[in-house]
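Colleague: here's a sequence, model it:
(chains A and B)
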Amino acid sequence: MNVFLKELKSHRKSLIIWCVCIVLLIAMGMTKYGAFVKTGESVEEMFEALPDAMKGIFGFGTLNITEVMGYYGIFFLYFVLMATIHAAMLGASIISKEERDKTVEFLYTKPATRNKIITSKILAAFVNVLIFNITTLISSIIIVGAYNKGESVNSDIIMLMGAMFILQLMFMFIGTGIAATTKKPKLATSISTGILLFTYMLSIAVDISDKLEKFKYITPFKYFDAKILISGEGFEAIYIVLSVVIIAVFSSMTFIFYKKRDLNV
Amino acid sequence: MNMYLHELKVYRKSTIIWTCSIIALIVLMMSLFTSFSKDAELVQEMMHNFPEAMQKALGLSTLDMTSLLGYYGYLFTFILICGAIQAMNLGVGILSAEVREKTADFLLVKPVTRKKIITSKLLAALTCVVITNVLYLVAVIIRISAFKSYEYSMKLLIMISLSLFFIQLIFFSLGFIISVVVRKIKSVLPVSLGIVFGMYILNALGSAIGDEKIRYISPFRYFDVTYILENEAYEVPFMIISIVFVIIAIVASYILYSKKDINAF
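Modeller: Take a look at the predicted model:
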């Protein structure tokens, strides 16, 4: 419990900064929606005529950007990018920082098992990620709601945030898993964000070219596509399974490898 | 000279990794051009039918995606992100490493002035950036000249690619001044990733919603590809801003670091 509370406290400041940033981002994006929507409905027809590769490269896909939810769907990718960077860095640093800051001998000579310490740390990271997600959810509902003239889109937003939460968890555990396995604790954050950037770039490449279609199973950014989620088809079972597998693998990796880890003092 | 060589050695590995991944990224993305350009002419026609407000809002007013350089210019954003992170890491890390690794007292009691320390570190970082840029430029020229059936201007290609160097300089000096001002930076990556992605998202939002003022805040569009392609020149006001910013940041770093209270514990 002590470790849990201590971690919450030491990540409080950065969590507040992240939350303020995401709220500002949402607000900024949506304030311009009003001006944007005035370009009229003729635009909508033109969009539908665009070839897929072209839509992919602009990140629109089948989204109708003149509707509030379609517009929001485009920015969803940016929210996800921010949220996953936060999660990956948090996951990697919460485990590796003891060695980095040379507090590891202090902590691990305390009468608590490694498993217990890791569990509290992961729980603390989980709470951070959850708070970040809820902040995004609430501010999205309020801000999007203010611009929405049609029917309620809250259920769509909740679904998107659900998808974002799964992605956040995935990258958080990738972070902890890498922190537990790498020899050099200092590199843990770099490696996890490297993986994140690589998969993000890969998801863009998949958008551009049909030939890379198969790679969409490798990059988590393609698991939950805003356009598919909003269009009412909901989550695809295979991606849910894949996400659960990734989370399971990396979380067990964290515990198993950390237990045997030769701590760097 | 000793410090310069030592820093070069420290950053050798990371420079190699960054350079290789940036080159791999552009080579991979460029190889998707042929499949992309099939749709090209059809799209071209359609673009002209878009209402002007719409074109502006999408930020694609003149970026001709069907041409080799237009496509390259679009992808160049992603190269800029990577380059900016690399430069920012260097900038934030190279001075703050001494305090973080607790080697500051060792270095600062050596018979060299602080100014000299800064100069050697600056030069070492600059060398890394220059090496990255030279290799990148060579790789891009080779890759693009492999497209035999397309016409492009070599001058424009070099001008676009060279803006990577300027963007890196801006982010490097931003990182440098931050590392001097902040008392102690525990971990480099969160700082640099946060700022680079913040700027990137700001710029993406700015161009999506057509807000010109945001351009002054985020360096990512200081060297706008569209403008370069159209006018065969950089935009003078942004060029001036960049130069002034870099000079001020570096001079301020010298002054502040000479008086800085270094934390030796």
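Colleague: SS state for B:Ser149?
Modeller: Three-state call for B:Ser149 (DSSP: H, G, I helix; E, B strand; the rest coil): coil.
Colleague: against B:Met30, how distant is it?
Modeller: In this view, B:Ser149 and B:Met30 are 14 Å apart by C-beta to C-beta, to the nearest Å. Where you see a C-beta, it was placed from the backbone N, CA and C, and this is true even at glycine.
Colleague: neighbour count winner among the two?
Modeller: Taking other C-beta atoms under 10 Å in any protein chain shown, B:Ser149 and B:Met30 do not tie; B:Met30 has more neighbours (19 against 6).
Colleague: run the chain-centre distance for stretch B:105-114.
Modeller: 31 Å (C-alpha atoms, centre = their mean, to the nearest Å).
Colleague: pLDDT of the helix or strand hosting A:Leu169, averaged?
Modeller: A:Leu169 belongs to helix A:154-181 when assigned by DSSP states H and E. Taken as a whole, helix A:154-181 has a mean pLDDT of 93.
Colleague: any chance you could map the helices in the chain?
Modeller: No chain was given, so I picked chain A. Using DSSP state H, the helices of chain A run over residues A:2-10, A:12-31, A:33-37, A:42-49, A:52-58, A:68-100, A:104-108, A:114-147, A:154-181, A:188-208, A:226-228, A:237-259.
Colleague: hm, I was asking about chain B
Modeller: For chain B, the helices defined by DSSP H occupy B:2-30, B:33-37, B:40-49, B:52-58, B:68-100, B:104-108, B:114-145, B:154-181, B:188-209, B:214-217, B:225-231, B:236-259.
Colleague: comparing those, which yields the minimum mean pLDDT?
Modeller: helix B:52-58 (a mean of 54).
Colleague: got the angle between the helix holding A:Leu169 and helix A:68-100?
Modeller: 20 degrees (axes from the mean of the first three to the mean of the last three C-alpha atoms, to 10 degrees).
Colleague: hmm, back to that, export the helices of chain B to a markdown table and append columns for distance to A:Ala146.
Modeller: Below are these laid out as a markdown table (distance: least, C-beta to C-beta, whole Å):
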| stretch | distance to A:Ala146 |
| --- | --- |
| helix B:2-30 | 38 |
| helix B:33-37 | 38 |
| helix B:40-49 | 32 |
| helix B:52-58 | 20 |
| helix B:68-100 | 31 |
| helix B:104-108 | 51 |
| helix B:114-145 | 45 |
| helix B:154-181 | 35 |
| helix B:188-209 | 16 |
| helix B:214-217 | 22 |
| helix B:225-231 | 33 |
| helix B:236-259 | 34 |
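Colleague: quick one: closest of the ones you listed to chain A.
Modeller: Of all these, it is helix B:188-209 that lies closest to chain A, at 3.5 Å by C-beta to the nearest C-beta.
Colleague: between that closest one and helix A:188-208, how many degrees?
Modeller: Going by the same axes, to 10 degrees, helix B:188-209 makes 30 degrees with helix A:188-208.
Colleague: what's helix B:188-209 packed up against?
Modeller: For helix B:188-209, the packing partners by 3 or more C-beta pairs under 8 Å, 6 or more residues apart in numbering or on different chains; DSSP states H and E come out as helix A:12-31, helix A:68-100, helix A:188-208, helix B:52-58, helix B:68-100, helix B:154-181, helix B:214-217.
Colleague: wait, which of the ones you listed is closest to A:Asn133?
Modeller: Evaluated with C-beta to C-beta, the helices and strands packed on helix B:188-209 place helix A:68-100 nearest to A:Asn133, the distance being 7.0 Å.
Colleague: so is the closest one next to chain B?
Modeller: Yes. Using C-beta under 8 Å from any C-beta of the partner chain, helix A:68-100 reaches chain B at A:Ile74, A:Phe75, A:Tyr78, A:Leu81, A:Met82, A:Ile85, A:Met89, A:Ser93, A:Lys97, A:Arg100.
Colleague: tell me, how many residues neighbour A:Tyr258?
Modeller: Residues near A:Tyr258, counting by other C-beta under 10 Å, number 20.
Colleague: roughly how far apart are it and chain B?
Modeller: From A:Tyr258 across to chain B, the span is 20 Å (C-beta to the nearest C-beta, to the nearest Å).
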